[in-house]
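**Student:** sharing a sequence plus its predicted fold:
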Amino acid sequence: MSGIVLSASVRQNLLSLQSTADLLATTQNRLSTGKSVNSALDNPTNFFTAQSLDNRASDINNLLDGIANGVQVLQAANTGITSLQKLIDSAKSIANQALQTTVGYSTKSNVSTTIAGATASDLRGTTSYTSADALSNVLYSGAAGGVTAAASGTKLGGVQGTNTGTVINAATTGASLLNGTATAGDANAGVAAGDTFTVNGKTITFAAGDVPTTAPTGQTRVAATGITTGNVYTDNTSGNVTIYLGSGTKAAVGDVLTAIDLASGVQSNVAGTLTVNSGQTISSVSGGGALVLKSTIGSDLSVTGKADILNKLGLTSATGAGSVTATAARTTSSATLSSFISSGSTLNVDGHVITFKDGPTPTAASLASTQGVSGNVVTDGNGNSTVYLQSSTIADVLKAIDFATGVQTFTLNGSGGGTLATASGQTASSINTSGQLKISTGVNADLSITGTGNALSVFGLAGNTGTASAFTAARTSGIGGIAGKTLTFSSFNGGTAVNVTFGDGTNGTVKTLDQLNTALQANNLAATIDANGQLTITASNDYASSTIGSATAGGAIGGTITGTLTFTTASPPVQDVVAQSARANLVSQYNNILNQIDTTSVDSSFNGVNLLNGDQLKLVFDETGKSSLNITGVTYNSKGLGLAALTVGVDFIDNAATNRVLTNLNAASSTLRSEASALGSNLSVVQIRQDFNKNLINVLQTGSSNLTLADTNVEAANSQALSTRQSIAVSALSLANTSQQSVLQLLR
């Protein structure tokens, strides 16, 4: 081969072809690998820089698995804490059930002593009371100007009111027919069966036909007398009235007037006999043929009915089927009060009720054996009374008040009467010269008067403005047996030691049971008193298992009161078997919850790491190991949370023991919440670093690629150009070789 000689042109073309082939091979390598730098020979700087970036990205990527496992460890711990919190809540529920369960003792520890005459309102013991006088605002009579001071004989009722209507017919009398013909004097009122009048709350009903031969049940017929035809019946219970229009004996105008008087109380139907009540004037027909309606002394008159009927009776100018009202208002006089008391008003005096009622005072014979009448007051003998307005005076009101306070008594005799007496040492209430009620409080209780209707204001008991809702006055009291004495209790179960001085309730002294209980409450004690004056000091429900005065509980009694009163030895608490059994069952349930807390904390692991069982977790975030996070685990079993198993007969036995358990549970719950917050913070850090590493890997790989990746468009164009160049070089080499062969051929 050494003998082959190449011409310069062939050699030049051959070298060019080899160079093109080398370039083409490099370009094809770049296209196949996608990289412009495939070895250190291509670009040492870029090659080794890219390799360093890729190595770091690989190292960081290897750390991601450990970080991901760390996230799951934290998630497992967080799941465990959530479950532990639910178990703690269940334990709280059990403890709260214990608080709501019946106290575990049928009798709590207590001491007692008897204070003669003591009551809940005054613990000082035997206290003497004297009656005090209480003055109302000034009462005035109904005289002109209203300035005459009222006296005890001043009447509660007024002067009868009168309503004189227009003339029906000059010839009209009480006997004139209600529904007449053309006969002079008849009213021709057009009344039909079923029509009604309402008179002071009572109902007058017009009925068809003649009066029944047998009186309806509960009704009494008014015998024909005066201007009444006998067509009228009264209801013995309700006071309502029925007028039969009649076909034989027809109802007359007088029947309507009598019915109105019966409904208003001007007259009464006593066993069929029409009776005019004392001091009343009946309704009538004037000499000129007009109806004259009368109110009672005790109430204004109000008659409501169909306008057409009242118009025919001359009581209204209105017409039509609608209802209208005719009235007759009372007036005052020097013998009456300036303000009328409304029927139905009441006074409540020391818990007893005085009722004011329009009507005549019942007779003793008409009363039940449980009632008696004294003057114009009907009483039950126990302090409850009814004052009848048609004949009563202020003196009757004062008597009724005295019955309620006990200043006066009325002993029933069973026949509607009785014996009136003033209690020993008491003075009956009266009215002074200024027109004021002078009410004796009595000694049974402080005076308290409330009312309904207008009773308070009429009698000057509603204060200076007339708007007060009560009138009160205190008895004069003496000093009780333990006044000025001091009762002391040392601290009972960590409570505040008590020093109680008995007095009038002012300046820090104690008078009432409520005040004593307020003082004892801070020392976990409570007081009660019975009707015999026995004062009992008892342990509160929270410390029902403790004994007052014991070495462990405290609460020893002392003070100057011990020289006056002797307290019993403190009795120990007596267990309630049923209640303690229920509480023991709750102890068992609670301990089961603690077992679940222990197992839950052990099970809260991932890949062998348990942050709730004392393990530690170290997470490395970079390839050098300099960036890391150390998470120290906790031991959150029942003991780690400060919870201990309960003992039957010791725990849950009373509210204090239960509250101690609840305090520990609340502390455990707070601990779990704090750890959950810490885990959440750590988890957030780990997840942030996990995301950071992922993004950093991408940055490193992108940087490496930027150093080594080829531009495929450029390399493809180069490949195409080199292929063309190679083809041309081959052709040139062929031409050069052909030319050389032609020269050799010529030499032959």
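**Tutor:** Okay, I see it. Residues are numbered from 1 along each chain as shown.
**Student:** for the residue nearest to the spatial centre of the chain, give its distance to Ser581.
**Tutor:** Among the residues of the chain, the one closest to the centroid is Gln100, at 20.1 Å (Cα atoms, centre = their mean). With distances taken as Cβ to Cβ, to the nearest Å, Gln100 is found 16 Å from Ser581. Placement of C-beta: from N, CA and C, glycine included.
**Student:** same question for Ser286.
**Tutor:** To Ser581, Ser286 is 89 Å away according to Cβ to Cβ.
**Student:** over to Val353?
**Tutor:** Per Cβ to Cβ, Val353 is found 50 Å from Ser581.
**Student:** between these two, tell me which one has more neighbours.
**Tutor:** Legend: neighbour count by other Cβ atoms under 10 Å for Val353 and Ser581, higher for Val353 (17 against 13).
**Student:** how about that one, secondary structure?
**Tutor:** Secondary structure state of Val353, per DSSP: H, G, I helix; E, B strand; the rest coil, is strand.
**Student:** ok, Gly305 next?
**Tutor:** Under three-state DSSP, Gly305 comes out as strand.
**Student:** partners of it in the sheet?
**Tutor:** On the basis of DSSP bridges, Gly305 is bridged to Val324.
**Student:** so Ser469 is in which element?
**Tutor:** Here Ser469, judged by DSSP states H and E, is contained in no helix and no strand.
**Student:** surely it and Thr452 touch.
**Tutor:** No. In this structure, Ser469 is not within contact of Thr452 by Cβ atoms under 8 Å, at 10.4 Å.
**Student:** the more surrounded of the two?
**Tutor:** More crowded of Ser469 and Thr452, by other Cβ under 10 Å: Thr452, with 15 against 9.
**Student:** state the number of residues packed around Thr379.
**Tutor:** 25.
**Student:** so who does the residue nearest to it when sequence neighbours are not counted touch?
**Tutor:** The spatial neighbour of Thr379 that comes closest, neighbours along the chain excluded (Cβ to Cβ, 6 or more residues apart in numbering), is Ser385 at 4.3 Å. By Cβ atoms under 8 Å, 6 or more residues apart in numbering, the contact list for Ser385 reads His352, Val353, Ile354, Thr355, Val377, Val378, Thr379, Ala400, Phe403, Ala404.
**Student:** hey, what's Ser385 bridged with?
**Tutor:** Counting by DSSP bridges, Ser385 is bridged to Ile354, Thr379.
**Student:** so how far is Ser339 from it?
**Tutor:** 21 Å.
**Student:** ditto for Ser283
**Tutor:** When Cβ to Cβ is the yardstick, Ser283 and Ser339 sit 26 Å from each other.
**Student:** these two: who's more crowded?
**Tutor:** Remark: of Ser283 and Ser339, Ser283 carries more neighbours, 27 against 17, as counted by other Cβ under 10 Å.
**Student:** now the more buried one: closest residue in space that isn't a chain neighbour?
**Tutor:** Nearest to Ser283 is Leu257, by Cβ to Cβ, 6+ apart, at 4.2 Å.
**Student:** so the one you found is in contact with Thr229, correct?
**Tutor:** No. Applying Cβ under 8 Å, one finds Leu257 not in contact with Thr229, separated by 11.5 Å.
**Student:** for the stretch 451-600 of the chain, just list every one of the helices.
**Tutor:** Assigned by DSSP state H, counting those that start in this stretch, the stretch 451-600 of the chain shows helices spanning 455-458, 513-521, 577-603.
**Student:** now render those helices as TSV, adding mean pLDDT and distance to Ser429.
**Tutor:** Formatted as TSV, those follow (pLDDT from 0 to 100; distance: least, Cβ to Cβ, whole Å):
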stretch	mean pLDDT	distance to Ser429
helix 455-458	92	16
helix 513-521	91	31
helix 577-603	84	55
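**Student:** export those helices as a markdown table, with columns for distance to Thr433.
**Tutor:** Output for these, formatted as a markdown table (distance: least, Cβ to Cβ, whole Å):
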| stretch | distance to Thr433 |
| --- | --- |
| helix 455-458 | 20 |
| helix 513-521 | 42 |
| helix 577-603 | 68 |
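**Student:** buried deepest among these, which one?
**Tutor:** Here the criterion is mean neighbour count by mean count of other Cβ atoms under 10 Å, and of these the winner is helix 455-458, at a mean of 22.
**Student:** circling back: can I take it that the residue nearest to Ser283 is in a strand?
**Tutor:** No. Leu257 is assigned helix when assessed by three-state DSSP, not a strand.
**Student:** quick one, what contacts it?
**Tutor:** Going by Cβ under 8 Å, 6+ apart, Leu257 touches Gly174, Ile227, Ile282, Ser283, Ser284, Val285, Leu291, Leu293.
**Student:** quick one, phi psi at the residue nearest to the centre of the chain?
**Tutor:** phi -90, psi -10 (degrees, to the nearest 10).
**Student:** next one: Ala98
**Tutor:** Torsion angles at Ala98 (phi, psi; degrees, to the nearest 10) stand at phi -60, psi -40.
**Student:** surely it is in contact with Asp654?
**Tutor:** No. Ala98 is not in contact with Asp654 according to Cβ under 8 Å; the separation is 9.2 Å.
**Student:** show me what contacts Leu412?
**Tutor:** Residues near Leu412 by Cβ under 8 Å, 6+ apart: Ser369, Thr370, Gln371, Gly372, Asp380, Gly381, Gly418.
**Student:** now it: how far from Asn382?
**Tutor:** 10 Å.
**Student:** okay, domains of this structure per the record?
**Tutor:** 8-64+699-747, 65-103+579-672, 107-127+480-575, 133-153+341-476, 162-328 (automatic domain parsing).
**Student:** want to throw those into TSV with distance to Leu683?
**Tutor:** Supplementary listing: the domains of the chain in TSV, determined by distance: least, Cβ to Cβ, whole Å:
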stretch	distance to Leu683
domain 8-64+699-747	16
domain 65-103+579-672	4
domain 107-127+480-575	42
domain 133-153+341-476	66
domain 162-328	81
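**Student:** out of those, which is closest to Ala335?
**Tutor:** Evaluated with Cβ to Cβ, these place domain 133-153+341-476 nearest to Ala335, the distance being 7.2 Å.
**Student:** end to end, how far does that closest one reach?
**Tutor:** Taking Cα to Cα, to the nearest Å, domain 133-153+341-476 runs 10 Å from one end to the other.
**Student:** quick one: distance of that domain to the chain centre.
**Tutor:** Distance of domain 133-153+341-476 from the chain centroid (Cα atoms, centre = their mean, to the nearest Å) equals 39 Å.
**Student:** for Gln580, which non-adjacent residue is spatially closest?
**Tutor:** Per Cβ to Cβ, 6+ apart, closest to Gln580 is Gly104, 4.8 Å.
**Student:** actually Thr225, sorry about that
**Tutor:** Distances taken as Cβ to Cβ, 6+ apart place Leu274 nearest to Thr225, at 5.5 Å, with adjacent residues excluded.
**Student:** in the stretch 251-400 of the chain, mark out all the helices, start to finish.
**Tutor:** So, for the stretch 251-400 of the chain - with DSSP H, counting those that start in this stretch - the helices run 253-264, 307-312, 394-405.
**Student:** can you tell me what sits against the shortest one?
**Tutor:** Residues outside helix 307-312 that contact it (Cβ under 8 Å, 6+ apart) are 168, 187-191, 195, 303, 316-324, 326.
**Student:** among the residues you listed, name the ones in strands.
**Tutor:** Among the contacts of helix 307-312, the members found in strands (DSSP state E) are Val303, Ser323, Val324, Ala326.
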